[in-house]
Structures are given as structure tokens and as C-alpha cells.
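**Q** Generate coordinates for the sequence data below:
(one chain, ligands or ions: 2)
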Amino acid sequence: MRIHHNHPPNLPSSVVAIGAFDGVHRGHQRVISQAVKRSKKYNVPTVVYTFDPSPRSYFQGARILTTIEKKIEHIQRLGVDHVVIARFDETYINRTPASFIDELTNISPLEIHVGRDFRFGKNRSGDVDLLAEHFQLQLTESVCCPGGTIISSTRIRNLLSQGNIQEATFLLGWSSSNFVSQDFAYQSNPS
Ligand SMILES: Cc1cc2nc3c(=O)[nH]c(=O)nc-3n(C[C@H](O)[C@H](O)[C@H](O)COP(=O)(O)O)c2cc1C
Ligand SMILES: Nc1ncnc2c1ncn2[C@@H]1O[C@H](COP(=O)(O)OP(=O)(O)OP(=O)(O)O)[C@@H](O)[C@H]1O
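**A** Ligands and ions are numbered 1, 2, ... in the order given. Purely as a prediction, here's the structure:
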């Protein structure tokens, strides 16, 4: 897998998945795996476009589930060809939706895979309807817990803070021993 910092490569065609993907949990895995499956069908590379730091950590100071290195490792395991890591800083957050859309045209997406709630651009002003005016969108069905709640990084963070490692690990879909960041590992197992 090739790693691109800040700027996507120029590609003649691709299938793209976009998101913060903190934890690369079961919901994220579905978004990315569906992109990989479709890229194989088209015989074009899969690109995952993600952010460092994650927007939730930047805006709300949320503790991360995965370091950027771990995130890359898990994305690679899903069979992705290229990962773009955009530095999420003051300059970046002020970009307009149009500027983000322009950037995506460099990778010539045949399809873009995101969840229904995906937002982008300054003040979260871009949504899936706007993206669909420019690209073929594939909206991933939400992956839920057995109880019916949608899996999210926030939910997993809360479970870990409460010490509920078993459920957090299940929602992550990876082994927590080599997955959860040191901060959480320490908090959940202080001995
Ligand atoms: C160019 C760009 C600018 C963004 N600016 C903001 C912003 O001003 N405020 C904000 O809360 N999020 C901003 N975001 C983050 C998005 O709201 C969102 O978190 C990000 O696209 C990842 O999607 P996800 O949270 O569904 O994974 C921006 C994203 C992009 C791509
Ligand atoms: N449970 C899920 N099922 C399907 N798609 C999901 C799921 N959770 C997130 N996604 C999608 O994956 C992409 C990345 O999502 P994001 O990183 O914001 O995850 P999140 O779990 O909602 O995080 P947070 O709780 O921090 O907001 C987005 O397009 C989002 O819609």
C-alpha cells in the first residue's frame, strides 16, 4: 500500500472511501471493504482518504482509539492500494467543499464510498447530496450492535472509558490487545 501525505496521487481511475476511521471498527471495515470489492470488480486501485489528527480529536479533544500508524496498518490489512493522510489543521478545516471536491477529481473516482452522515468542508457545510452532484456515491448501510445501536468510534470510546473491554473489542472487530491506544489500554487495565 502506498501512503500519500496531504496530496492524493494523480490516478486515471479509482474507487475511494473517505472518513476519519478512528479505530477502523466494524462499520468502517464495511465501508472500506465494499470499496475494495468494487475496485476489484473495476480492476482499479482502492484509495482511502483519511485525516490526521482525526476531526473529533482536533475539535473536541477526544482520545483516539488508534494512532495513525495503527490506523494505516488496519487499512492495509483490508486490501487497500493507496491511503491519503490529510493533515487536519487550521488551514485545512477552512477549505470549502468545492476545494475538497476539486482535490478528489485528481484520483478520478468511479465511486466514492461513505456513510449517510458524511460531511465535509468548512463548518461541515458539504454533505452527501453535494458530493453526489459530482461523483457516483455508494452509501454504506449502517453496521449496528446486536442491540441495534449504530457502531461508532464515540460509542467504543465510551465503552472503554467505562472499562467495558469485551463489548468495545467486539465492536472494533480486532483484538484490543494490539489495537487500542496505550491511553485506553492503561485506563482499562491500571494494574
Ligand atoms: C476540507 C474539509 C474541511 C472540514 N472542515 C470542518 C469544519 O470546519 N468543522 C468541522 O467540524 N469539521 C470539518 N471537517 C471534518 C468533517 O466534518 C468530517 O469529520 C470529515 O470529513 C470526516 O468524516 P467522518 O467524520 O464522517 O469520518 C472538514 C473536512 C474536510 C474534508
Ligand atoms: N456503523 C457504521 N456503519 C457504516 N458506516 C459507518 C459506521 N460508522 C461510521 N461509518 C462511516 O464511516 C466513515 C467514517 O466515519 P467516522 O470516522 O466519522 O466514524 P464514527 O464511528 O461515526 O466516528 P465518531 O463516533 O468519532 O463520529 C463515514 O463515512 C461514516 O458514515
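
**Q** Could you pull out the helices in the protein for me?
**A** Per DSSP state H, the chain carries helices over the ranges 26-42, 55-60, 68-77, 90-93, 97-105, 128-132, 153-161, 165-172, 182-188.

**Q** Same list, those helices, but as CSV with mean pLDDT and distance to residue 115 please.
**A** (Each C-beta comes from the backbone N, C-alpha and C, glycine too.) Compiled in CSV, the helices of the chain are given as follows (pLDDT from 0 to 100; distance: least, C-beta to C-beta, whole Å):
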stretch, mean pLDDT, distance to residue 115
helix 26-42, 96, 6
helix 55-60, 95, 14
helix 68-77, 95, 16
helix 90-93, 97, 20
helix 97-105, 97, 17
helix 128-132, 97, 9
helix 153-161, 94, 12
helix 165-172, 91, 15
helix 182-188, 39, 23
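
**Q** Residues of this structure that sit close to ligand 1?
**A** Along the chain, the residues adjacent to ligand 1 under the rule C-beta under 6 Å from any ligand atom are 19-20, 55, 59, 92-93, 95, 100, 118-124.

**Q** Can I get the helices of the chain in TSV including mean neighbour count?
**A** Compiled in TSV, those are given as follows (neighbours: other C-beta atoms under 10 Å):
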stretch	mean neighbour count
helix 26-42	19
helix 55-60	15
helix 68-77	18
helix 90-93	12
helix 97-105	16
helix 128-132	15
helix 153-161	19
helix 165-172	19
helix 182-188	14
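
**Q** where does this structure come near ligand 2, residue by residue?
**A** The chain has residues 19-22, 27-28, 30-31, 56, 114-115, 117-118, 140, 142-143, 150-154 near ligand 2, with proximity defined as C-beta under 6 Å from any ligand atom.

**Q** who are the neighbours in contact with the residue lying closest to residue 145 once chain neighbours are set aside?
**A** Nearest residue to residue 145, sequence neighbours excluded (C-beta to C-beta, 6 or more residues apart in numbering): residue 151, at 5.9 Å. By C-beta atoms under 8 Å, 6 or more residues apart in numbering, the contact set of residue 151 is 25-27, 142-145, 171.

**Q** ok, the residues you listed vs ligand 1, which is closest?
**A** residue 27 (10.3 Å; C-beta to the nearest ligand atom).
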